[in-house]
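Q: Fold the following.
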Amino acid sequence: MTKSVFVMILLLFIAFCLNLNAQEDSLKDFKNTILINITNPLLFGEKYNVIGYERVIKDHQTVYGSIGRFAFPKFVDLFNDSVGIKNEYHDHGFHISFDYRFYLKSENKFSAPRGIYLGPYYAFNYLTREMTWDLNTSNYTGEVKSNFDLMANLIGVQLGYQFVFWNRLSVDIILAGPGLWFFNLKTDFDNDLLPEDETMLLEELNEMLKERFPGSDFVIQGGGFEIQRVTHTAAMGFRYMVNVGFRF
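A: Residues are numbered from 1 along each chain as shown. Here you go, the predicted model:
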């Protein structure tokens with residue numbers, strides 16, 4: 001079972017369980033919620049640490065923003081007769097996002113931030129990583145250092161549901177968030193390689209990047225990232241997550 005399928009099952013299970021236990025009492029008038037994303041660390045690893053803030057601006061409307069650290073865990077160990085990963089270091093990045101949420105008055109008994117909502121969202125991720133490869137081909141034998149910078153913008157609309165317990169605790173679930181990714185990927189090598197060797201390294205890097213994005217069947221379709229040092233591409237994407245929050 002892939003991580004994407006696991007997360008989707010987890011979201012549906014949580015939604016079902018919480019729906020069985022959702023309270024029906026009235027809420028106190030807290031307009032602020034601090035939230036922690038608990039889903040994406042399962043997908044991206046312990047280096048994904050993001051905190052969010054939601055503010056009620058009208059009875060049935062809120063704004064949401066998040067910011068934090070975003071970095072990939074180590075890539076899968078790769079080694080064959082021609083290429084292998086020797087070292088990974090200087091790995092860092094960040095994430096920011098903004099939502100505008102419309103809590104559906106006709107469907108919700110209570111005002112925001114409780115119940116079902118729709119709205120647009122925008123997310124930006126930046127990643128950079130330096131790597132050392134062992135290359136063994138007919139043209140080159142030795143170490144090659146690479147550095148890649150990845151900027152990923154995601155714009156879309158989402159459907160979610162937020163539960164509130166004991167007036168203070170919230171569980172925010174984004175059930176569906178289709179959107180469009182805009183990727184900008186730049187890769188540099190410290191050696192002047194022949195085109196076939198450079199292409200081989202880029203192909204390996206592209207495959208590893210695709211494995212690290214949740215729902216890669218949605219995010220990267222067809223040939224994925226083009227095999228070149230500088231890539232600008234767009235692809236269908238998908239957003240889903242679970243946030244746990246404290247209201248005040």
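
Q: how about the helices in the chain?
A: Counting by DSSP state H, the segments of the chain that form helices are 3-21, 40-44, 195-212, 216-219.

Q: Which parts of the protein are strands?
A: For the chain, strands defined by DSSP state E occupy the ranges 32-37, 49-58, 61-69, 83-103, 115-136, 141-165, 169-176, 178-189, 230-238, 241-247.

Q: Now do the buried residues in the third one.
A: This points to strand 61-69. For strand 61-69, burial by neighbour count (16 or more other CB atoms under 10 Å) applies to 61-62, 64, 66, 68. Using the backbone N, CA and C atoms, a C-beta is placed for each residue, glycine as well.

Q: With the flanking residues excluded, which residue is spatially nearest to residue 188?
A: Excluding the flanking residues, the one nearest residue 188 by CB to CB, 6 or more residues apart in numbering is residue 147, at 5.1 Å.

Q: do the same with residue 37
A: In space, and not counting its chain neighbours, residue 37 is closest to residue 50: 4.6 Å by CB to CB, 6+ apart.

Q: The one you found contacts residue 68, doesn't it?
A: Yes - with contact defined as CB atoms under 8 Å, residue 50 reaches residue 68; the gap is 3.3 Å.

Q: Now do the shared contacts for the two.
A: Residues touching both residue 50 and residue 68 (CB atoms under 8 Å, 6 or more residues apart in numbering): 37, 95.

Q: From residue 144, how far out is the residue nearest to residue 89 when sequence neighbours are not counted?
A: Counting by CB to CB, 6+ apart, residue 130 is the residue found nearest to residue 89 once chain neighbours are left out, at 5.6 Å. As defined by CB to CB, to the nearest Å, residue 130 lies at a distance of 12 Å from residue 144.

Q: which residues does residue 152 bridge with?
A: Using DSSP bridges, the bridge partners assigned to residue 152 are residue 125, residue 183.

Q: Mean pLDDT per helix and strand in this structure: which one sits at the bottom?
A: Ranking every helix and strand in the chain by mean pLDDT, DSSP states H and E puts helix 216-219 at the bottom, with a mean of 36.

Q: Residue 57: neighbour count?
A: By the criterion of other CB atoms under 10 Å, residue 57 has 12 neighbours.

Q: what's across from the spatially closest residue to it that is not a sequence neighbour in the sheet?
A: For residue 57, ignoring the flanking residues on the chain, the nearest one in space by CB to CB, 6+ apart is residue 63 at 6.0 Å. Beta-bridge pairing for residue 63 (DSSP bridges): residue 55, residue 100.

Q: For residue 63, list the residues it contacts.
A: 54-55, 57, 98-101.
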